[in-house]
Structure formats: structure tokens, C-alpha cells
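S.K.: what's the 3D shape of this:
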Amino acid sequence: MAKKPPTTLKPETQLVTAGRDTKGQYGFVNPAVYHASTVLYPTAEDQVAHRARYQYGRRGTPTSEALEDALRTLEGEACAGVTLQPSGLAAISTALLAVAGSGDHILVSDSVYRPTRNFCDGLFKRMGVTTTYYDPLIGADIASLFKPNTKAVFVEAPGSQSFEMQDIPAIAQVAHDKGALVLMDNTWATPLYFRALDKGVDLSIQAGTKYIGGHSDIMFGCVSANAAALPALKATMNSLGLCVGPDDMFLALRGLRTLAVRLARHYQSGLTVARWLERRPEIARVLHPALESDPGHAIWKRDFAGACGLFSIVFKPCAQSAVFAFMNELSLFGMGASWGGYESLQIFFDCTEYRTATKWAPGGPTVRLHIGLEDTGDLIADLERGFAAMAAAK
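M.R.: You can find the predicted model right below:
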């Protein structure tokens, strides 16, 4: 910016202004993309003392610094720093490695993103870290699950695929009373709609591949930390040698600038389609915490400023082949992993085989939908064709 903006800016304005230094970039609005490894020192004395703003490409460039500054501003005053990761899963695993090691115990929500579970049951287990999965609706009663060696609680709200809402402030209070840290996967709401660090979370994680990027074309993750958690997070990241490619950093920063307008559209379009689906005779339930009918709506309304375009639907009991006929008929809903891009998506899922602390019994087949930026009338017409194909297949 040509002039330093006021400090009391709304998040939508911060998304546009944070991390920008037009004077340092010779007047250009966007930062340069630094493809860098080696950094040269002017003298031997400077090299020995590491007297330089940047020391090595992996440890930071003007491009990464701009993105980190923007993300830190979005997270709020409780954020002491941000680390950039090459994927959402890398962000999750790095955050977990920063808080627990051999002989430690952690608590993880039973509704967590499945690759998080795979990390805990795989690498963490081999390292000697034990994991206890808990009911995402447990709230303050999580106190009964703590052990003397419990180092952290991993939360995700709403739950991956199943969309249970957790009482994050209550869980965080218990965890801190017990001397443990709280980690949260905040990809669904982003800091725009849920300021995780303000709610008691110590490490806030996002798969920036999704809404930060917004265009289904980058791999990127980030972890934001408060002052207590930041040193261990940075040390772990540096030890692992993790870094993000400069082009993906640039695209993440570009996507961040339009996050507010895109997420508002996903939010409203998602609600429009979800409310329409609620009225369909083929649907038993719509799993979307922003709906008044959802069991987690009260917590969502209390703690969240908005929602995104991701939710699930539960069909009334029917053959899987009928659901597949519905899915195969849709032309505007692609079938693919990830979400958060401009396009609408669908996947068939079943949590039964990997839930351990709770029983997954939704009452019928389940499909997760991501509502993109298409016209909602066109999306609803596409879904109507899907239901017609479903009826013909029964």
C-alpha cells in the first residue's frame, strides 16, 4: 500500500490489504515470485554471522513472507506466526509432530479427516504416540479421557463428511486446565468465519488447497500458532525441511484476495441448495450446521460467522445402485476428492469402517456435496434430473 492503512479494518478489507508492500515492489500491486534457493552474503563476516534478512530459499523469501503476513493478519491478534506447508496433510502432520512424541498421548475427534486418522494410526503409532478417539459431541466431558501424558487434543468442526459440531471453547478450556494444547483443522470455515485462535485453539490448520486457493490448481497448507505454540512448530517445520513452491505461494496469495467474496457465494448457494434438498422426499437428513434443523446449529450460530459450500445428504433407505444412478446422472457435479474450488462436486462415502468411538448409523446412504459458484437454479435442475434417474433405477 502507498500509505499505511488504519489498524481497525474489517476482515474483508484485511484480505485485500495485508501482506502488501507496493513501495518495496516498485509500485506493483502483487509481490514478485522468487524462485530461489541460494542467498548470497556480501562479506565473510556477514556469512558467518548469518546477517541477512533471508538466509536460504527454504527458510523464506519475499513471496512467502507476503503470504505469511496476510494469513497472520486474517487469523487475528492472537496469531504469533504462520508456517506454510506443501499440502493440507503436511500441515496436519507437522502440527502434530510439533506437540507430541514418543511416550505421549493425544485425543482426536472420531469425526476427523480420515488422513489425519491414518497419520495417528500409522506414523505416530510407530513413533510411540498413542491416540484415543472421542465422541465429537463430548464437550467438557472430554476431561474424563485425559491421562497424565496427554499432550494435545485435535478437533475439527464441523466433522469431516459427517458434520458434527464440536464445542471448541469448552474443549479448549479443559485441555488448557490439563496442560495440553489444542489443534484444529479449520479448513471448512477458514479464519474468515471462525477465528480459531480467539476460541482457545493453539494451532489452527488449513488445507489451503481448498478455499484459500479457490481454483483447484494448487497444493498448499498452513498452520497458524499462538505465541506458546509457535517455537516448537517452527522448529519442527525446519527440521523436516518443508517448504512450498513459489508459484503455489503466489497463487495462494492471489486466491486469498478474493476469499471473502467467493466464500460468501459458497455460503449462500450452499444454504439455498441444502434447504431445497431438505424438502425432497428422497432425503432423510441434510447434514449442514447452518441449517436450523441441524443438531449442531446452536453451536454454529454462537461461534461461527458463516459457512461454506460443503455439506452431506442422507438418503432414505434405498439400494446403493439407485444412489449411483442419481450421481451418474449429474452433469454439473464432478466426482472427485478435495473441494473448495469454483466447481460443484460429489462423493459417495461411508464412515462405518473407521469410526471407533462412535457408531456411524445415519439411516441411509450418504453423499457429500460441494456447492460451487454455478447458478443455484442450474444446480437444482441438475439435482432434479438426478432424482428422476434414481426413481427410474428403483
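S.K.: And the helices in the protein?
M.R.: Along the chain, the stretches classed as helices by DSSP state H are 11-17, 44-49, 62-75, 88-99, 114-119, 125-127, 168-177, 190-193, 230-240, 246-257, 259-278, 297-303, 320-329, 376-393.
S.K.: Now do Arg53, the pLDDT please.
M.R.: pLDDT recorded at Arg53 is 89.
S.K.: neighbours of Ala235, just the number please.
M.R.: 11 (other Cβ atoms under 10 Å). For glycine as for every other residue, the C-beta is placed from the backbone atoms N, C-alpha and C.
S.K.: With adjacent residues omitted, what lies nearest to it?
M.R.: What sits nearest to Ala235 in space, not counting adjacent residues and going by Cβ to Cβ, 6 or more residues apart in numbering, is Ala98, at 7.5 Å.
S.K.: In a markdown table: the helices of the chain, plus distance to Met184 and mean pLDDT.
M.R.: Formatted as a markdown table, the helices of the chain follow (distance: least, Cβ to Cβ, whole Å; pLDDT from 0 to 100):
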| stretch | distance to Met184 | mean pLDDT |
| --- | --- | --- |
| helix 11-17 | 18 | 84 |
| helix 44-49 | 39 | 94 |
| helix 62-75 | 12 | 96 |
| helix 88-99 | 9 | 98 |
| helix 114-119 | 11 | 97 |
| helix 125-127 | 22 | 98 |
| helix 168-177 | 7 | 98 |
| helix 190-193 | 11 | 98 |
| helix 230-240 | 14 | 97 |
| helix 246-257 | 19 | 96 |
| helix 259-278 | 18 | 98 |
| helix 297-303 | 12 | 98 |
| helix 320-329 | 31 | 98 |
| helix 376-393 | 30 | 98 |
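S.K.: Report the contact partners of the residue nearest to Ala235.
M.R.: For Ala98, the contacting residues are 203, 229, 232-233, 235-237, by Cβ atoms under 8 Å, 6 or more residues apart in numbering.
S.K.: Can you select the buried ones among the residues you listed for me in PyMOL?
M.R.: Those of those that count as buried under 16 or more other Cβ atoms under 10 Å are selected in PyMOL with:
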select buried, resi 203+229+232+233+236+237
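S.K.: Identify the farthest-apart pair in the contacts of Ala98.
M.R.: For the contacts of Ala98, the farthest-apart pair by Cβ to Cβ is Leu203 and Ala235; their separation is 13.5 Å.
S.K.: And the residue nearest to Ala235, how far from Ala91?
M.R.: Computed as Cβ to Cβ, to the nearest Å, the Ala98 to Ala91 distance reads 11 Å.
S.K.: follow-up on the earlier one: now, among the contacts of Ala98, which is nearest to Glu353?
M.R.: For these, the nearest to Glu353 is Leu203 (28.5 Å; Cβ to Cβ).
S.K.: quick one: contacts for the closest one?
M.R.: 95, 98-99, 181-184, 223-226, 229, 233.
S.K.: Would you mind confirming that Gln25 is in contact with Pro31?
M.R.: Yes. Using Cβ atoms under 8 Å, Gln25 is in contact with Pro31, at 5.7 Å.
S.K.: And those two? Which one has more around it.
M.R.: Set Gln25 next to Pro31 and count neighbours by other Cβ under 10 Å: Pro31 wins out with 22 against 14.
S.K.: Only C-alpha atoms, please: export stretch 60-68 in PDB.
M.R.: C-alpha atoms of stretch 60-68 as PDB (Å, rounded to 0.1, in the frame of the first residue of the first chain):
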ATOM      1  CA  GLY A  60      11.700 -17.800   3.500                       C
ATOM      2  CA  THR A  61      11.600 -15.300   0.600                       C
ATOM      3  CA  PRO A  62       9.700 -12.100   0.000                       C
ATOM      4  CA  THR A  63       7.000 -14.200  -1.700                       C
ATOM      5  CA  SER A  64       6.500 -16.500   1.400                       C
ATOM      6  CA  GLU A  65       6.700 -13.500   3.700                       C
ATOM      7  CA  ALA A  66       3.900 -11.700   2.000                       C
ATOM      8  CA  LEU A  67       1.600 -14.800   2.200                       C
ATOM      9  CA  GLU A  68       2.500 -15.400   5.900                       C
END
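S.K.: Give me the distance from it to the chain's centre.
M.R.: Relative to the centre of its chain, stretch 60-68 is centred 21 Å away, using Cα atoms, centre = their mean, to the nearest Å.
S.K.: do you know how far the closest residue to Gly81 other than its chain neighbours is from Thr83?
M.R.: Nearest non-adjacent residue to Gly81, counting by Cβ to Cβ, 6+ apart: Leu230, 4.7 Å away. Distance, Leu230 to Thr83, by Cβ to Cβ: 9 Å.
S.K.: These two: which is more packed in?
M.R.: Higher neighbour count among Leu230 and Thr83: Thr83, with 26 against 20, using other Cβ under 10 Å.
S.K.: How about the contacts made by the more buried one?
M.R.: 68, 91, 94, 222-223, 225, 233-234, 237, 242.
S.K.: now swap in Arg262 and tell me
M.R.: 211, 214, 342, 373 are the contacts of Arg262 under Cβ under 8 Å, 6+ apart.
S.K.: what about the last one, neighbour count?
M.R.: Read that as Leu373. 15.
S.K.: wait, isn't it in contact with Gly340?
M.R.: No. Taking contacts as Cβ under 8 Å, Leu373 lies outside contact range of Gly340: 11.1 Å.
S.K.: Show me what Val182 is bridged to.
M.R.: Beta-bridge pairing for Val182 (DSSP bridges): Val153.
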